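In: have a look at this prediction, sequence included:
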Amino acid sequence: MASRTLRLNMPQWQGGDEPAYRFGAELLRWLAPEHDGPEETVFVPEPNGRAPEIDHGIKARTVLLSQARAARAAIERHDPDRIVTLGGDCLVDLAPMAYLNRKYPALGVLWIDAHPDVMSAAEFSHAHAHVLGMLLGRGDEAFTAEVPKKLTVSRVMIAGMSAWTDAEGAILKGLGLRHVPAADLARDSQPILDWIETEGITHLAVHFDLDVLDPAHFSPLLFNRPDVPAGSFDGIVQGTMRLEQVVRLLNDAGAAADMVGLAIAEHLPWDMLRLKQALADLPVMKS
């Protein structure tokens, strides 16, 4: 029987206004295990070097909406039971999460991220920092319209977030979102397992933003971008988890509930990108 798991490739970069997200998503697709089920790749235009337009306070709003709708259409063509999404910036999870929440009445969402992604254009122009808010009904009306059934707040848990800005804190409190810091997940997954049991979660969708990881121990992250001035990332919360901790957490959560969604986002393999560019400059490669 053919797999009912859709592999959705979405090399979206405009949500974070970082062209390297495109290459990161393409490399992630190559790194992922072979897949015998349906696969779709959302068309995302290559960066052209021009600054993105700002509409309703959001950078590249028009193209991001178009890509979100293309992802929704790709998903609906297959009506899958499960979706694995390889991105791209965090906004790639808008359509998959919205679909899975319609399909599974008791869906839980585990948001593994150093940041809550609940802001809107009022606080920040990069839409990759808005996506969880949109899924809960907060933010730009055109994007929230792409989520006919909003997530249930009690069945959302942010894992690995250890600090936040004042603006994010106010939004988190207003929404009533729960969160577990990285330190509480360092040795075991019990806080997440307790949440799954308490909320009666039968199906689970996971958003895994790689920036939840400690940049001192995992290199392909925004904070390890080479050749940036000192202090460029001051004030931006950095992750503290280890990759093996997240893998353990996902395996434990997957044993407690049926994992029907997994999105991996914000892969920035700077060294590989530098090597790709260097290879293109070598004389023999040009012939």
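Out: Here it is on my side, so go on.
In: rest of the way, CA atoms for contacts and neighbours
Out: Fine.
In: in contact with residue 96, which residues?
Out: The contact partners of residue 96, taken as CA atoms under 8 Å, 6 or more residues apart in numbering, are 71-72, 75, 83, 85, 261.
In: got it, and residue 23?
Out: 11, 268, 273.
In: so how far is residue 88 from it?
Out: According to CA to CA, to the nearest Å, residue 23 and residue 88 sit 8 Å apart.
In: now residue 78
Out: Taking CA to CA, one finds residue 78 at 21 Å from residue 88.
In: neighbour count winner among those two?
Out: residue 88 (35 against 14; other CA atoms under 10 Å).
In: pretty sure that one contacts residue 29?
Out: No. The criterion here is CA atoms under 8 Å, and residue 88 misses it with residue 29 at 10.5 Å.
In: which residues touch the helix or strand bottoming out on mean pLDDT in the chain?
Out: Lowest by mean pLDDT, DSSP states H and E among the helices and strands of the chain is helix 283-286, with a mean of 86. Residues outside helix 283-286 that contact it (CA under 8 Å, 6+ apart) are 279-280.
In: same question, stretch 68-75
Out: Contacts for stretch 68-75 (CA under 8 Å, 6+ apart): 6, 8, 40, 42, 92, 94-96, 99, 146.
In: report the buried residues of that stretch.
Out: 68-72, 74-75 (16 or more other CA atoms under 10 Å).
In: which of these fall in helices?
Out: 68-72, 74-75 (DSSP state H).
In: save these as a markdown table, and put in pLDDT and distance to residue 54 too.
Out: Formatted as a markdown table, those follow (pLDDT from 0 to 100; distance: CA to CA, whole Å):
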| residue | pLDDT | distance to residue 54 |
| --- | --- | --- |
| 68 | 98 | 17 |
| 69 | 98 | 19 |
| 70 | 98 | 21 |
| 71 | 98 | 22 |
| 72 | 98 | 23 |
| 74 | 98 | 27 |
| 75 | 98 | 28 |
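In: with these in mind, which one is nearest to residue 135?
Out: residue 68 (12.6 Å; CA to CA).
In: ok, and the closest non-adjacent residue to residue 176?
Out: If the residues on either side of it in the chain are set aside, residue 176 comes closest to residue 153, at 7.0 Å by CA to CA, 6 or more residues apart in numbering.
In: so, low pLDDT: which residues of this protein?
Out: 1-2 (pLDDT under 70).
In: that one: helices as residue ranges?
Out: 20-31, 61-78, 94-103, 131-135, 141-144, 166-175, 190-198, 243-256, 270-281, 283-286.
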